[in-house]
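> Pasting the sequence and the predicted coordinates here, then a few questions.
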Amino acid sequence: MQKKGYLSIVLHAHLPFVRHPEYDEFLEERWLYEAITETYIPLIEMFQNLVNEGVSFRITMSITPTLASMLRDELLQDRYLRHLDKLIELAQKEVDRTRFMPEFNSLAKEYYGQFIRAKEVFLNKYQKNILRAFKEFQDKGYLEIITCGATHGFLPLMKNRASVRAQVRTGVETYREIFDRSPQGIWLPECGYNPGDDLILKEEGIRYFILDTHGVLFATPRPRYGVYSGYFCKSGVACFGRDIESSKSVWSAVQGYPGDHDYREFYRDIGYDLDYDYIKPYINSDGTRCNTGIKYYRITGKTPHKQPYDFNKAREKTASHAGNFMFNREKQIEFLSSKMDREPMVLAPYDAELFGHWWFEGPQFLEFLIKKIHFDQNTVTLITPGDYLKRYPKNQVITPSFSSWGWKGYSEFWLNGANDWVYRHLHKAADRMVDIVAGNQNAYGVMERALNQMARELLLAQSSDWAFIMKTGTHVDYAEKRITEHLSRFSRLWQQVTQGHIDEKYLEFVEQKDNIFPNINFRMYSEKKEVIANEKI
Amino acid sequence: MDKKELQKLKKEDLLALAKKERISKTTGMKKEELISVLLKSVKKADKKKVSTVKKTIAKSGSNKAKVKTKITAEAKTKTKAKTKSKISILKKKPVVRKKKSVDKAAIVFEQEYVEATKFDTGSGKHSPESQTQSVAVQSQEVIEIPQRYEEDGFVLLVRDPWWLYGYWEITSERWDYVRSQVSDKMAKEVLRVYDITDIADFNGNNANSFFDIELAPFIKNWYLHVNQPGRSFCAEIGLRTLKGKFYSLIRSNTVATPRYGMSDITDEEWMISEEEYWKMFGLAGGYGIGKGSQEIQELFKKRFEEIISSGFSGSISSWMQQEESRRGFWLVADAELIIYGATKPDAKVTVRGEVVKLNSDGSFSLRFALPDGSQDIPIYATSSDGVDKRKIDIKVNRSTTKEA
C-alpha cells in the first residue's frame, strides 16, 4: 500500500558552554556529564540497535556549536571519564548494598550495566569523542544533523544584524569542521525568528529552519497547508512549523506520556536519599548533595510516598505509549492526506535532553516508535525536512510571523524583570564590536588575537541560557556570573584594542579559559549591506 | 527622596535607612555606594506606585549596577536553597525535591519546566569559592560592567504582539542642552510612543497616533503596553510643558509588533476554500471529526489564546504538590547494616554465597540496606590451600514501628 504522509522527528541537543579549567571539579559541568550518560549515549545505543536490526529510519538532530565544542574538548572528555568511573564505582557499591532488597537490587544492577555500557561506547567505541557516532549515523543516511546559532543566542532580541550573522556563520563553520559538509538546516535558538533573519540564513547557505506553530500559521499570506508542509520565505529559505498535538503528548508532564505513574521519578535521587558519609565521594566536591543519576522510584502519583521503579512494567508502558503515539499519527496523517493535494508532513521537535535525562524511558520510547513505524504500519514514513524539500521543491511563499517556541510564544521568557538588564550591555558590546572591526580590518598578530577573543566573549555572553536560567531560578548566580564575566572580558579587551596596547598575559589567560571556536574570524562582524530588521509584516 | 537629600545625610543615617529598606550587606560600602543602593530600592517602590496610576503597567526592570563577581547584594538571596550538609544520623527524607530547586511560580509553562531540568543538578546553590581552585589557572581578574556608558541611546525591543520593552541612557550634556531650551520649569519627563505604521519618513509630527507615559525620576527602562499587534512603533523621551509642547531628548529605533491571528490574505496560486481550510485542522489539530469549520475556527482561536496568554496550564504545579504536615515538621529514619571482618589475606571469603574481595591486610567490609524482617548472613573463609575452613553465621532481625 502507498504510504500517505510523513513524520519528522527533530531532536534539539544543546547545552551552554561550561568549562572551568581553573577548578578541579565544577558543579555546572555536571550538566554535560548527565546529558552524556542519560541522553546522548542512550540515543547512540538506540540508533545502533536500529541499524543492527535492519530498521531504516530518518531522524533530524541539531547539535549546537557549544555542545559540539564541549564534546570534542579533551579536558572535558577526560573529566567525563573520571565522572563516569566514579558513577560505576557507586553503582557497584549499590549492587552490594541493596542485596537484601531485591526490588532495588535489580535496579542497581541495571544502572551498573548501563554505566558500563556507556563507558564502552564512550571510551572504546568512539575514543572519548561521541560526535563521531553522530557523524557516522549521518554519513550512513540515518540522521540529518542541522546546526544552530553559535552560542544559542536568542536572535529576535539582538539589535544589530552583524550579531545575528556572526551567530549563524559561526554555527555553520563549526558544523563544517565537525561533520565535513555544510548544514542543510538550522535550529534557530529557541525557534526565535524575526522576519528578515532568513536573509542572513540565505547568505550563509542555509536551506531551511524550524518554527513554532504560530510562526507559520500567522504568516502572510495565509499558509495553504497549515503546518503540514514546508514553505519558502521570500529569500528562498524554507521553513517548517511545529505540530501541536504530537508535541504536547511528549512535552506535557501532565497530559503527556512522561507523567505516567509507572515511569521513573526524576526528583528522587540517592544523592539525597542515602547516608551522607556513604554518598559524599559522589556528590558535589564542596560536600553539598546533588543528583547522582541513580534513582530507584517511580512517579507513583501525587504523593511523597514513592513506590520502587519496575523496569519491566515501565517497559511495557513505553511500548504501549509508542503504539499510541503511532496510532495517533496514522489517524492524523490519513485525515490530512484526504484534505491535502500533497503528502502532509507532521513536524515533532523536542529537546534531545528530554529523552533519557528528564524522561528516563524516552530513548526506549523512540526505539519502539521507530520500529513500529518500520514494521507495523503503512501510513507514515519518517522523513527529514531536507528530504521533504527534495520531494516538494515547489512551495508557497510566505513571510512567517515573529515567534519563538518559548513561554507565551514570543520573547517574554528571555525578556522580563529577572533578566532584562542584560540587553543594554549585550547591545553595547555588539555595537562596539562592529565599530572596532570596521577600523581594524587588517589587524594581525596579537591585535588580531585580541579581536578574535572579543568575538568569543561576545558570543558566549549572548547565550540564551543565561537569561533562561535567571528566569527559572536555579543556578542564577552562575548565569549572572557568566554573563558579567564575558562582558567584562569583552570590555577590557575592547579598551586595550582601542588604546592600541594589548596586555598579552591577560589575553593568554582569557584565551585559555574561553577557548571555544578556535578558528573564529572577527571580520564576520564587518557591516555588509544592512538587512532591515523587524521588517513590517 | 532624591540623591541630593541623601547626600546631606550622614553615613550612619544612611546605614539606618538601608536597614529600614531591608538592604543587606551594607557593611564596607562607601557613602556613594550606599546612596546608589538606596536610590535603587526607592526607585523600585516608586515604580510600583506609578504603574498603578497609569494605564500602562510596567514591570520594574532591575537596573543592575556595577557587578563585582557576586553581583551586588540586593534581593539575590531569597530563592537560594538551604545548604543541606547539616544532616545527622539518617536522612532518607521521603520528600519529592522539586520545590527547592526550581522556582515554581516562574515556571508555569510545561515546556520550560522540562527544559529547566537540563540545568537541575539537584543542588540549587552554586558556590565556586568553596571548590578547589587548581593552581594552573589562577588570576586576580576583576569582573565588572559599567552602570552606564555615557552615550545617548534608546532601544526598543519586541516582547510580544502587545508589549514592547525599551531602555535608554541620556547623557547630562544632552539633558542640560534640552533643558536650557525649555522655559517651563514644571515640564515633565515623558516617554512618548508613536504609532508610525506605514509612515515612511517619520519626522516627529506625522505619527498616526501617540500616547505618553510620565516617568518617575531615575527610570531607565520600561515595558510599553502598545496593545496593537501588527503595527509599527517608535518612541521618544522628552520634556512636556504644561501647555503641551514636547521637547525631544532622544528617539528610539523603529519596531513592529507581530501580527496575531491568521492572515486574511490568501494567494491565488494556493487557493483553498475557507470551509476546506478549517477542516484541515479538524482531526489534525485534535479537535475531532465532524465539526463545522466555524466551530473548529473558534476552538482553534481559543487554543491559541490559552497557549499564548497563559502557557499550557498551571496544572504542572499541582502535579508537584507534596504533602507536608501543616507545621512543617518531619522525621525520617532508616537502618543499614555493616558486616566486617578479617582473615588471612590470601584466603577466600564468601558472604551469603558471594565472593568478597579482601583488602591487602585481609580485612573486609560490606554495607547493606536493611529492610524489615530477618536476614541470615553466613560467612565462610577457606585458606588458600583449601584445607582450613571457618564459618560465622550472623542473624539479624529488624522491625520498624511508627507513631504519628
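Yep, it's here. Residues are numbered from 1 along each chain as shown, chains lettered A, B, ... in the order given.

> biggest helix in chain A by residues?
The longest helix of chain A (DSSP state H) is helix A:311-339.

> in it, what's buried?
Of the residues in helix A:311-339, A:314, A:317-319, A:321-322, A:325-326, A:328-330, A:332-333, A:335-337, A:339 count as buried by neighbour count, 16 or more other C-beta atoms under 10 Å in any protein chain shown. From N, CA and C alone the C-beta is placed, and that goes for glycine too.

> What residues does residue 247 make contact with?
No chain specified, so I'll use chain A. A:348-350 (C-beta atoms under 8 Å, 6 or more residues apart in numbering or on different chains).

> wrong one, chain B
For B:Y247, the contact set (C-beta under 8 Å, 6+ apart) comprises B:178, B:181-182, B:187, B:238-241.

> Of these - the most surrounded one?
Across these, neighbour numbers were computed from other C-beta atoms under 10 Å in any protein chain shown; B:G238 holds the maximum, 22 neighbours.

> Single out the residue in chain A that lies closest to chain B.
Residue nearest to chain B within chain A (C-beta to the nearest C-beta): A:G473, separated by 3.1 Å.

> Next, the angle from the worst-scoring helix or strand of chain A on mean pLDDT to helix A:311-339.
The weakest-scoring helix or strand in chain A, judged by mean pLDDT, DSSP states H and E, is helix A:244-251 (a mean of 85). Relative orientation of helix A:244-251 and helix A:311-339, computed by axes from the mean of the first three to the mean of the last three C-alpha atoms, to 10 degrees: 170 degrees.

> What segments of the stretch 151-300 of chain B are helices?
For the stretch 151-300 of chain B, helices defined by DSSP state H, counting those that start in this stretch occupy the ranges B:172-181, B:274-284, B:293-310.

> Nearest to A:V254, out of those?
With C-beta to C-beta as the criterion, A:V254 lies closest to helix B:293-310 of those, at 13.9 Å.

> rewinding a little: among the contacts of B:Y247, which ones are in strands?
Within those, residues falling in strands by DSSP state E are B:238-240.

> where does the stretch 201-350 of chain B dip in pLDDT?
Within the stretch 201-350 of chain B, the segments meeting pLDDT under 70 span B:282-293, B:306-327.

> do that again at 50, thanks
B:310-325 (pLDDT under 50).

> wait, what's in contact with B:V351?
Residues near B:V351 by C-beta under 8 Å, 6+ apart: B:339, B:364, B:366, B:377-379.

> any idea how far it is from A:K371?
Going from B:V351 to A:K371 by C-beta to C-beta, to the nearest Å gives 43 Å.

> What of A:E265?
According to C-beta to C-beta, A:E265 stands 27 Å off from A:K371.

> just A:E136 next, same as before
A:E136 sits 20 Å away from A:K371, going by C-beta to C-beta.

> swap in A:P16?
For A:P16, the distance to A:K371 - C-beta to C-beta - is 34 Å.

> got the contact list for stretch A:479-495?
A:16, A:422, A:425-426, A:429, A:432-433, A:436, A:450, A:453-454, A:457-458, A:460-461, A:463, A:465-470, A:502, A:506-507, A:510, A:514, B:67, B:69, B:71, B:128, B:142-146.

> repeat that for 7 Å
For stretch A:479-495, the surrounding residues in contact (C-beta atoms under 7 Å, 6 or more residues apart in numbering or on different chains) are A:422, A:425, A:429, A:432, A:436, A:450, A:453-454, A:457-458, A:460-461, A:466, A:469-470, A:510, B:67, B:69, B:71, B:143-145.

> Which ones among those residues lie within helices?
Mapping these onto helices (DSSP H) picks out A:422, A:425, A:429, A:432, A:436, A:450, A:453-454, A:457-458, A:460-461, A:466, A:469-470, A:510.

> for these, which one is nearest A:R298?
A:I469 (28.7 Å).

> What about the nearest residue to the closest one once chain neighbours are set aside, how many residues nearby?
If the residues on either side of it in the chain are set aside, A:I469 comes closest to A:A479, at 3.9 Å by C-beta to C-beta, 6 or more residues apart in numbering or on different chains. By other C-beta under 10 Å, 25 other residues sit near A:A479.

> Look at A:A479 and give its secondary structure.
Under DSSP: H, G, I helix; E, B strand; the rest coil, A:A479 falls in the helix class.

> A:K128: how many residues sit nearby?
A:K128, neighbours per other C-beta under 10 Å, totals 17.

> in terms of contact, does it touch A:F122 like I think?
Yes. Counting by C-beta atoms under 7 Å, A:K128 does reach A:F122; the two are 6.2 Å apart.

> separation between the residue located most distally from the centre of chain A and B:A335?
What lies farthest from the middle of chain A is A:F100; by C-alpha atoms, centre = their mean that is 40.8 Å. Counting by C-beta to C-beta, the gap from A:F100 to B:A335 is 11 Å.
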